[in-house]
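Below: sequence and its predicted model.
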Amino acid sequence: MTPPSRCAGRWLLALVPLLADPALAQATPAPAAAASAPEATLPAVRVRASAERESPTGPVSGYRATRNLGANKTDTPIAETPAAVTVITRDQMIDQGATNLQDALNYAAGVRSDAYGLDSRTDSVRIRGGYPDEYLDGLRKLFNWYTSNGRTEPFTLERIEVLRGPSALLYGQGSTGGVLNMVSKRPQAEAAGEVGLQLGSWQRRQLQADLTGPLTADGQWLYRLVAVARQADTQVDFVPDDRRVFAPSLTWRPSAATSLTLQGLVQRDRTGSTSQFFPWEGMVSPNPNGTLPTNRFIGEPGWDRYDTDRESFGWLFEHRLDEAWTLRQNLRWSRNEVDYRSLYGDSFSLPGSWAGDPVGKRLFGRYAYADLNKVRLLATDQHVEGRLVTGAVRHTLLAGLDAVRFTQNGRTGFDAPVYAGGTVPLIDAYDPVYGGFTPPEMFDKGESGQRHVGLYLQDQMTLGERWIVVAGLRHDRATSEPAPGTQEKTSATSKRLGLMHRWGNGWAPYLSYSESFTPVANIGARSFDPLRGRQWEAGVKYEPPGGDALAFSALVYDLKEKNGVVEVTPNVYAQLGETWARGVELETSGRLGAAIDLLASYQYTELDPQLENTPRHQASVWAKWRFTLAGLPGFSAGAGWRFLSAYADGAAPEVPAVNLLDLMFAWESAHWRAALNVNNATDKVYVSNCLARGDCWWGARRNAVASLTYRW
């Protein structure tokens with residue numbers, strides 16, 4: 001039987017030639033009034049930005065970015081990139097009230113943003129069934145999973161680039177599923193600032209500030225200061241969500257050819273684990289005691305925690321050597337310390353059931369786990385870009401070297417439930433009484449790490465006015481150090497090839513092939529073989545000529561990965577053989593007329609074997625309507641719908657399909673913005689995921705946040 005994704009792909013490719021008919025591709029340009037909306041309804045900083053040529057790292061007015069940096073490491077129009085790229089702009093994050101990275105990705109095509117539901121430890125995101133690697137300003141942000149992770153604060157970001165599919169050519173460690181490249185806010189040439197207050201569910205109280213502008217009259221020195229202070233609880237008892245962030249940056253432009261931006265970050269998070277690892281029985285399967293409450297905490301108050309201290313410093317350097325050649329270097333050093341202690345439920349000894357109380361199903365066994373990690377990461381990328389012309393072919397050449405040095409050490413401790421030979425007492429999960437717990441003994445786990453160096457060469461060629469070819473080659477060498485005195489060396493060569501044809505009416509079909517090579521750092525006190533992947537992708541993009549009207553993309557892909565790492569039970573990992581994913585992705589974004597901004601996407605994902613967290617069908621629509629109320633301009637209302645189909649992970653019970661509603665209402669003037677965002681507005685109680693190993697996660701309940709911002 002032919003998979004549905006293949007059938008859809010054949011129809012899509014069959015329809016592509018029809019798009020050459022301009023009559024089928026007419027789009028009504030956005031009225032001039034939309035491009036120059038009155039300053040009474042938009043903050044002045046947005047109006048200034050929209051008047052200039054869009055920068056791939058700068059502000060965007062609205063939801064549709066037209067340029068990107070992440071897909072090619074060059075300033076390239078998205079419409080001329082033969083690959084799947086989605087950009088989440090700062091305006092979109094503001095309108096949707098994104099309080100974390102998962103919120104910001106709720107409406108991105110090809111993305112499952114809440115793969116582990118409400119997880120306070122990490123941003124559990126899936127792209128095309130795989131875990132994407134996180135990058136910040138083109139440099140690797142972290143290694144390993146949640147035990148060494150610090151979550152990114154969305155208020156510090158200008159945009160998020162979602163690169164779907166293998167990205168090894170330019171990143172070397174881009175997973176098969178894709179890469180999340182987050183772009184930091186950077187100093188701006190015009191003075192601007194904002195201060196804001198947020199109050200919301202779970203006792204959320206947040207203050208934030210963002211100041212930027214020139215330090216000298218000649219504009220040689222620019223600055224930016226971003227700060228966040230938050231105190232909050234979560235929907236799980238005894239789990240806070242407190243944060244302090246300070247992110248200064250300084251740009252020096254001694255000439256039009258040279259720019260150096262220094263970036264710093266200090267972040268302190270004090271939280272815990274909202275993931276309690278509850279069993280199927282009491283979540284999606286019957287339990288004589290009923291369903292477990294979504295606020296239930298079965299750890300130990302005062303001991304459970306997930307505290308992170310992160311500092312980083314680096315720079316972004318660019319020097320134009322002449323009219324054709326430009327030299328760049330990005331570098332960042334970071335330190336991350338994680339104090340993770342958790343009592344989590346034993347849903348694994350008797351998968352999905354209650355090993356400590358198989359009859360009564362009230363008394364829950366718990367494992368005690370502590371991991372105190374100290375992580376150091378030095379990442380650098382330097383390349384030279386040349387823009388040349390040879391006959392009828394225009395070239396954008398890129399040659400570079402990137403390197404990463406990662407080290408990790410710390411202490412760990414572990415204890416099992418009393419019925420499994422440990423000392424951790426059982427707890428009544430339906431009426432918990434805390435206390436009587438003795439923390440496990442801690443011991444040093446030694447130092448581990450990885451060194452990784454990659455050389456890459458890429459040529460973006462434009463033949464005449466219609467054809468675009470992107471070709472590249474990369475070679476990587478990685479040395480893993482799973483324990484002191486031991487080394488494991490790997491190397492690989494990766495390829496990329498893309499072909500696109502542009503018609504004069506805004507439509508551009510493309511075909512691409514790409515590969516991935518991802519050395520896996522030490523996880524769970526053992527090393528793993530590198531992840532390898534390859535993908536074919538065929539699609540079509542539509543970019544309306546001028547204005548910010550709706551853009552559209554449709555694609556099919558066939559992706560294979562080898563050596564994927566899965567967590568069999570908490571802190572016990574295994575490596576898979578070959579897996580594959582096939583799918584269809586549709587996406588549109590932009591403006592309808594003068595008053596409506598729209599985002600919509602659909603994805604069909606078929607996996608073999610069926611991996612955790614990935615429903616076959618997923619769809620979302622978000623719309624924002626701007627209007628005048630009682631003669632007063634500046635009002636807007638937004639609504640979003642998110643759908644995930646039912647699915648099951650192996651022998652696990654089926655996770656039911658879910659429909660979620662998000663709402664927004666705001667008033668905005670030249671200086672003030674007041675808004676109310678409500679995610680999961682109907683307070684749908686739903687299970688986001690259940691794994692074959694026996695555990696489930698609750699999805700996020702209704703979360704309302706009121707915000708007030710003053711801008712100048």
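All right, it came through fine.

just the strands in the stretch 301-450 of the chain please.
Shown for the stretch 301-450 of the chain, the strands assigned by DSSP state E, counting those that start in this stretch span residues 305-320, 325-345, 363-364, 366-390, 393-415, 427-428, 443-444, 448-463.

Verify the contact between residue 399 and residue 384 for me.
Yes: between residue 399 and residue 384 there is a contact under C-beta atoms under 8 Å: 5.6 Å. C-beta: built from backbone N, CA, C; applies to glycine.

sorry, back to before: would you tell me which one of the strands of the stretch 301-450 of the chain is buried the most?
Greatest average neighbour count among the strands of the stretch 301-450 of the chain goes to strand 363-364 (a mean of 24), per mean count of other C-beta atoms under 10 Å.

So which other helices or strands are in contact with that strand?
Where contact means 3 or more C-beta pairs under 8 Å, 6 or more residues apart in numbering; DSSP states H and E, strand 363-364 is packed against strand 427-428.

Just put the strands of the stretch 301-450 of the chain in TSV and tack on distance to residue 156 and mean pLDDT.
Shown next, in TSV, are the strands of the stretch 301-450 of the chain (distance: least, C-beta to C-beta, whole Å; pLDDT from 0 to 100):
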stretch	distance to residue 156	mean pLDDT
strand 305-320	11	97
strand 325-345	14	96
strand 363-364	38	98
strand 366-390	18	96
strand 393-415	22	95
strand 427-428	38	98
strand 443-444	34	94
strand 448-463	26	94
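
quick one: which of these is nearest residue 93?
Proximity to residue 93 (C-beta to C-beta) singles out strand 305-320 among these, at 20.7 Å.

Any stretches of the stretch 151-300 of the chain with poor pLDDT?
Applying pLDDT under 70 to the stretch 151-300 of the chain flags residues 168-169, 172-175.

Quick check: bridge partners of the residue positioned nearest the centre of the chain?
Of all residues in the chain, the one closest to the mean position by C-alpha atoms, centre = their mean is residue 180, 4.9 Å from it. Listed by DSSP bridges, the beta-bridge partners for residue 180 are residue 134, residue 162.

Surely it is in contact with residue 135?
Yes: judged on C-beta under 8 Å, residue 180 makes contact with residue 135 at a distance of 6.7 Å.

hmm, back to that, can you tell me how far the residue nearest to the centre of the chain is from residue 60?
Applying C-beta to C-beta, to the nearest Å, the value for residue 180 to residue 60 is 18 Å.

show me what contacts the closest residue to residue 123 other than its chain neighbours?
Spatial nearest neighbour of residue 123, chain neighbours left out: residue 101 (4.1 Å); criterion: C-beta to C-beta, 6 or more residues apart in numbering. Going by C-beta atoms under 8 Å, 6 or more residues apart in numbering, residue 101 touches 123, 125, 151, 152, 154, 160, 180, 182.

quick one: the fifth one and residue 103, what's the gap?
When you say that, I think you mean residue 154. With C-beta to C-beta as the criterion, residue 154 and residue 103 are 7 Å apart.

wait, what's in contact with residue 235?
Residue 235 neighbours (C-beta under 8 Å, 6+ apart): 118, 201, 202, 274, 294, 295, 698, 700, 701.

Quick check, residue 191 in contact with residue 217.
No: Residue 191 is beyond contact range of residue 217, at 11.8 Å (criterion: C-beta under 8 Å).

Neighbour count for those two, which is higher?
Using other C-beta atoms under 10 Å as the criterion, residue 191 and residue 217 rank with residue 191 on top: 13 against 7.

just to revisit the earlier point, measure the residue nearest to the centre of the chain to residue 334 for me?
Distance of residue 180 to residue 334, given as C-beta to C-beta: 17 Å.

returning to what we had before: tabulate the contacts of residue 101 (TSV), appending secondary structure.
What follows is the contacts of residue 101, written out as TSV (DSSP: H, G, I helix; E, B strand; the rest coil):
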residue	secondary structure
123	coil
125	coil
151	coil
152	coil
154	helix
160	strand
180	strand
182	strand
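
most surrounded residue in the residues you listed?
Ranked by neighbour count (other C-beta under 10 Å), the contacts of residue 101 have residue 180 at the top, with 27 neighbours.

check contacts around it.
By C-beta under 8 Å, 6+ apart, the contact list for residue 180 reads 101, 105, 125, 127, 132, 133, 134, 135, 160, 161, 162, 163.

7 Å - rerun?
With contact set as C-beta atoms under 7 Å, 6 or more residues apart in numbering, residue 180 has these partners: 125, 132, 134, 135, 160, 162.

Farthest-apart pair in those, please.
Distance extremes for these: the farthest pair is 125 and 135 at 13.0 Å, using C-beta to C-beta.

How far does stretch 504-517 sit from its chain's centre?
Distance of stretch 504-517 from the chain centroid (C-alpha atoms, centre = their mean, to the nearest Å) equals 22 Å.

Low-confidence ranges, the stretch 451-600 of the chain, go.
Residue ranges of the stretch 451-600 of the chain with pLDDT under 70: 521-527, 547, 564-571, 573.

which residues touch residue 71?
81, 83, 85, 163.

Which parts of the chain are helices?
Listed in chain order, the helices of the chain (DSSP state H) span 4-15, 32-35, 44-50, 90-95, 101-104, 168-171.
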